[in-house]
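Undergrad: What would the 3D arrangement of this be:
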Amino acid sequence: MPDHSPTTSAIVRLDQVHLALKSAAGVVPILKGVDLTLAAGEAAGLVGPSGSGKSTLMMVIAGLERVSSGTVSVAGTDLGPLDEDRRASFRRAMVGIVFQSFHLIPTMTALENVAVPLELAGRADAPLEARRMLDAVGLRARAGHYPGQLSGGEQQRVALARAFVARPRLLLADEPTGNLDRATGEVVIDLLFALNAEAGTTLLLITHDPAIAERCSRTLSMEDGRVANGAGRR
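TA: I've put the predicted structure just below:
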């Protein structure tokens, strides 16, 4: 039987999710019957060896990758029937994503990068809210700077601000400190958890760092395309 704990106010629910991709060597199974539930406000750390399927799982939850079989539900919406446009609209409204490589738009200032999700949603207050979010991550003075003028840590803080600015129900973070030195990474992780707690957002954090995983309320272990639901940390 699938393990769906915790079951209260589920934001993410995966039922028997399989994903196989075609390659030159044939069809390769990536996800092999994943069952997973994340509760509202939960911070879950996802650990496991490289190639185990962690990033693919995140892409599936974000609606960036379609599954071969099974059900993916986020905030009560079944992603399966949605076309690409509806998936994109859903992500803008419900999901924030932070990558290891910051994925900022190089021709836009920090302020403009943060404002993008709100502008795509047609929000008239996009510049004001983006400035408030930059203030929250300590980058008020860097609002007019372009990504190439910012340090790696500053770029990741801009990426965090962009991910949180629309107050998403779910935040997905894939090795957000992977390109940072340890001291800078600690600052970014502290900020990530602080913003998560303040916004009440559900967090799924992929990390190779056991110390970061320990800070989550639950640790999930992934190996060979399968997830084991870990015990809570609190």
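
Undergrad: how many other residues sit next to His68?
TA: In this structure residue 68 is Ser, not His. 13 (other C-beta atoms under 10 Å). Backbone N, C-alpha and C define where each C-beta goes, glycine included.

Undergrad: next one: Asp181
TA: There are 10 residues near Asp181, going by other C-beta under 10 Å.

Undergrad: how near is it to Pro117?
TA: 28 Å (C-beta to C-beta, to the nearest Å).

Undergrad: before we move on, what about Asn179?
TA: Distance from Asn179 to Pro117, by C-beta to C-beta: 22 Å.

Undergrad: So between those two, which is more surrounded?
TA: Counted by other C-beta under 10 Å, Asn179 and Pro117 do not tie: Pro117 has more neighbours, with 23 against 16.

Undergrad: Which helix or which strand is home to the more buried one?
TA: helix 110-120 (DSSP states H and E).

Undergrad: ok now that helix, how far from the chain's centre?
TA: 17 Å (C-alpha atoms, centre = their mean, to the nearest Å).

Undergrad: For that helix, buried residues please.
TA: Ala110, Leu111, Glu112, Asn113, Val114, Ala115, Val116, Pro117, Leu118 (16 or more other C-beta atoms under 10 Å).

Undergrad: do stretch 85-96 as well
TA: Buried residues in stretch 85-96, counting neighbours by 16+ other C-beta under 10 Å, are found at Arg87, Phe90, Arg91, Arg92, Met94, Val95, Gly96.

Undergrad: of the residues you listed, closest to Gly51?
TA: Distance to Gly51, by C-beta to C-beta, is smallest for Val95 among the buried residues of stretch 85-96, at 24.4 Å.

Undergrad: Surely the closest one is in contact with Ala166?
TA: No: counting by C-beta atoms under 8 Å, Ala166 is not a contact partner of Val95; they are 9.2 Å apart.

Undergrad: List the buried residues of stretch 193-210.
TA: Quick answer for stretch 193-210 (16+ other C-beta under 10 Å): Phe193, Leu195, Asn196, Ala199, Thr201, Thr202, Leu203, Leu204, Leu205, Ile206, Thr207, Asp209.

Undergrad: Using CSV, please lay out these together with distance to Val12.
TA: CSV is the format used below for those (distance: C-beta to C-beta, whole Å):
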residue, distance to Val12
Phe193, 19
Leu195, 19
Asn196, 15
Ala199, 16
Thr201, 12
Thr202, 7
Leu203, 11
Leu204, 7
Leu205, 13
Ile206, 14
Thr207, 18
Asp209, 22
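
Undergrad: In terms of helices and strands, where is Ser221?
TA: Using DSSP H and E, Ser221 sits within strand 218-223.

Undergrad: Check this protein and tell me which residue is nearest its centre.
TA: Central residue of the chain (C-alpha atoms, centre = their mean): Leu172, 1.1 Å from the mean position.
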